[in-house]
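A.B. asks: structural data only, the sequence is not supplied:
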C-alpha cells in the first residue's frame, strides 16, 4: 500500500534529541539512546510523517510488514518509543494518540540537512547544518558473552558503551537482552552507559544465565560477581549495586578492597527483611510479604504479582505493574522466583560492611516502599567513607519520568569524576 510521502530530511531535532533516520540512531544531548528496533522504526515513521495523523494500519504495515502482529505489539512499541524520548501515554507531549484514528508526532521539529549546499563552503549559505557521525556507537549495541563459575554454572554478561568501566552487580530480576525493551530498566541502561562502559550480568537462575544450578546462596552470588570480574579482565573499577545487588557489592568490596575504587549503592540494604525483624509483628509482616510473593510466583497469580510490583513502583499505573510482572515472568522460572525471595530475606552483610575501604555513595528514595530508608541509614553508619543522598521519591526502582531520576544520574556522574 502507498502512503503519503515523508516530510523531507534524514536528521531531525526536537528538544535535546536528534533522530537520524538514515543511520537509525537516536541521540540525547549528543549521547546515543538505545531503543528497541521496532520502537525506533515506529518513532522514525511518526517523525517523518509528523504533518499528519498516521493510522494504526499504516504503522503496522511499515514497522512489521507482512508479519501478523496484534495491536498489543503496537501498543508496546509505542510505549517504548515514548519512553525513549521522555514522553508518556498520559502526557502525550511528543506523541499524541488520536482516538480511533492513529498517532501523530506533535512536538516542534527542526529538520537538519546532512550535507551543506554547494554554495555553503562556510557556515553561511542555506542554513543547513553539517553534522559528523561515526555510525552507531557502543551505546547502540551490546556484546553478550558467557563465563563459567567454579561450580560450572554458566553466567551471561554484557558490555555496552565506551569510556571508563562501571560494573553493575546483578539484582532482581535481570535479562541482558529484554531489559532494553522494558520501561522498568531501559532508561537505567541508557543513563548509566553515558560516557562510560557499563558491564552487567544475569545472576544464576535468571535471564540468559543457567536457570538450573547446583547452588543458590548469597555466597554463590558473590562468587559469580568474582567470576565476571575475572572474565572481563577488570583490575580496579567502580561497582554499582541496586537493591539486593547492593549487599552483593558490599560483600565483594569487603572481600576485594584492592579491586573496588568506588562503590555506589542504590535502594540497597545490609539485612534482609527476616533478619532485620525486631518484633513479632515485624517477623509476621516479613513472613506475610514472602507468602504473598510465593503464592504469586508458584501459581502465577496476577493479583498477587501486582501487589509485589506495586511495592517497586508505588506511583505506577495498573498497566505499569502488569508490564513489570510480565517482564519478571520472562526472566526466570516460578520456582527460582521463590528461591530468590527466600534468599533475599536472609541476607546479612552488617558484620562485614565496615570492611569496605573505598569511598561509597548511598542513594535511596526517601519514601521507598519496598526497602525502608532506615536501611540506607544503617549502611551509611556501617561503611566508614560513605555519603548518603536521599531522593524525593517513593519508588524502589526510579522511573524515567520523576525528577529524582535526573538527580540520581547527576550524583553518580559527579561521584565517579571526583
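C.D. replies: That came through fine. Note that the structure is a prediction, hence the values are computed from the model and not measured.
A.B. asks: in terms of pLDDT, where does residue 5 sit?
C.D. replies: For residue 5, the model assigns a pLDDT of 46.
A.B. asks: likewise the one 4 residues further on?
C.D. replies: Looking at residue 9, its pLDDT is 56.
A.B. asks: can you pull the contacts of the most centrally placed residue in the chain?
C.D. replies: Geometric centre of the chain, nearest residue: residue 185, 2.3 Å, by C-alpha atoms, centre = their mean. The contact partners of residue 185, taken as C-beta atoms under 8 Å, 6 or more residues apart in numbering, are 179, 327, 397. Where C-beta positions appear, they are placed from N, C-alpha and C, glycine not excepted.
A.B. asks: mind running it again at 7 Å?
C.D. replies: residue 179 (C-beta atoms under 7 Å, 6 or more residues apart in numbering).
A.B. asks: can you name the helix or strand that the closest residue to residue 38 other than its chain neighbours falls in?
C.D. replies: Of all residues not flanking residue 38 in the chain, residue 77 sits nearest, at 4.8 Å (C-beta to C-beta, 6 or more residues apart in numbering). Using DSSP states H and E, residue 77 maps to helix 71-84.
A.B. asks: likewise residue 227?
C.D. replies: Under the criterion of DSSP H and E, residue 227 resides in helix 218-232.
A.B. asks: neighbouring contacts of that helix?
C.D. replies: Against helix 218-232 from outside (C-beta under 7 Å, 6+ apart): 147, 149-150, 155, 157, 169, 199, 201, 203-204, 248, 251-252, 255, 259, 343, 347.
A.B. asks: please repeat the previous calculation with a cut-off of 8 Å.
C.D. replies: Helix 218-232 has contacts (C-beta under 8 Å, 6+ apart) with 145, 147-151, 153, 155, 157, 159, 165, 167, 169-170, 199, 201, 203-204, 213, 237, 247-249, 251-252, 255-256, 259, 343, 346-347.
A.B. asks: pLDDT below threshold where in the stretch 1-150 of the chain?
C.D. replies: Low-confidence segments of the stretch 1-150 of the chain (pLDDT under 70): 1-9, 66, 113-141.
A.B. asks: at 80 instead, please
C.D. replies: Scanning the stretch 1-150 of the chain for pLDDT under 80 picks out the ranges 1-10, 66-71, 90-91, 99-100, 112-141.
A.B. asks: residue 258 versus residue 194, what's the distance?
C.D. replies: Distance of residue 194 to residue 258, given as C-beta to C-beta, to the nearest Å: 28 Å.
A.B. asks: who has more neighbours out of the two?
C.D. replies: Under the criterion of other C-beta atoms under 10 Å, the comparison of residue 194 against residue 258 puts residue 194 first, with 19 against 9.
A.B. asks: count of neighbours near the nearest residue to that one once chain neighbours are set aside?
C.D. replies: Closest residue to residue 194 apart from its sequence neighbours, by C-beta to C-beta, 6+ apart: residue 31 at 4.9 Å. Number of residues near residue 31 (other C-beta under 10 Å) recorded here: 16.
A.B. asks: so what's residue 31 bridging to?
C.D. replies: Residues in a beta bridge with residue 31, per DSSP bridges, are residue 28.
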